[in-house]
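> What shape does this take:
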Amino acid sequence: MATISQIRKIHTLKNILAIDDDLYIEMLMSFGVRSSKELTYTEAAIFLEILEDKAEERNLWKKQAKKYSNLNRAGKMATQSQLRMIEGLWREICYYDTDTFARKSLRKFLKSKFKVDDIMFLTKTKASKVIQAILGMKKNLAKIASEQVPKPARR
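The predicted structure follows:
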């Protein structure tokens, strides 16, 4: 689920760009939703990037640097995009919608499964394994959710 801060930022950019409701809904429909609240964390991040690019083109918005862009990730350390992907995927499977809980639960997951204290200390190899583990968890959650949907009765 998109975070409250993402939803607020989406609506701020919508107003800055003076996007009317019809166009806004059409943009959301490209993600298969009718409301920004229905976007996943990753979809909201992509939608925000699109809106920020449009606002920046018109000199209405100064785009913020991407998370982890200030880190020197040379050598064996995980790349900036791997770190952002791990956080995005984790937010999609995290069952509480708060940044604090997501950070704490991710750290606990990394410590228990990969013996790493923080996301910043991941190597490229471990980051790939973390991504695969989270994708596996996401797949299992989707499978469980689909099994819990009651099937229509036959006539």
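> gap between Ile86 and Gly75?
Ile86 is 18 Å from Gly75, where distance means Cβ to Cβ, to the nearest Å. For the C-beta atoms, the positions are set from N, CA and C on the backbone; glycine is no exception.
> quick one: which of these two has more around it?
Higher neighbour count among Ile86 and Gly75: Ile86, with 22 against 7, using other Cβ atoms under 10 Å.
> my read: that one touches Leu135, true?
No: using Cβ atoms under 8 Å, Ile86 is not in contact with Leu135, being 10.4 Å away.
> helices or strands up against the strand or helix carrying Ile131?
Following DSSP states H and E, one finds Ile131 within helix 124-148. Packing partners of helix 124-148 (3 or more Cβ pairs under 8 Å, 6 or more residues apart in numbering; DSSP states H and E): helix 80-93, helix 99-114.
> residues contacting Leu106?
Counting by Cβ atoms under 8 Å, 6 or more residues apart in numbering, Leu106 makes contact with 86-87, 90, 94, 119.
> redo that, cut-off 10 Å
Neighbouring residues of Leu106 by Cβ atoms under 10 Å, 6 or more residues apart in numbering: 86-87, 89-91, 94, 118-119, 130, 134.
> Ok, which of the helices and strands packed on helix 124-148 comes nearest Leu71?
Nearest of the helices and strands packed on helix 124-148 to Leu71, taken as Cβ to Cβ: helix 80-93 at 6.6 Å.
> in that closest one, what counts as buried?
Across helix 80-93, burial judged by 16 or more other Cβ atoms under 10 Å covers 82-93.
> Tally up the residues packed near Thr123, please.
Residues lying near Thr123 (other Cβ under 10 Å) number 15.
> if I look at it, how far off is Arg103?
Separation of Thr123 from Arg103 (Cβ to Cβ): 20 Å.
> Kindly report the same for Arg84.
In this view, Arg84 and Arg103 are 14 Å apart by Cβ to Cβ.
> so what sits against both of those two?
Common neighbours of Arg84 and Arg103 (criterion: Cβ under 10 Å, 6+ apart): Ile119.
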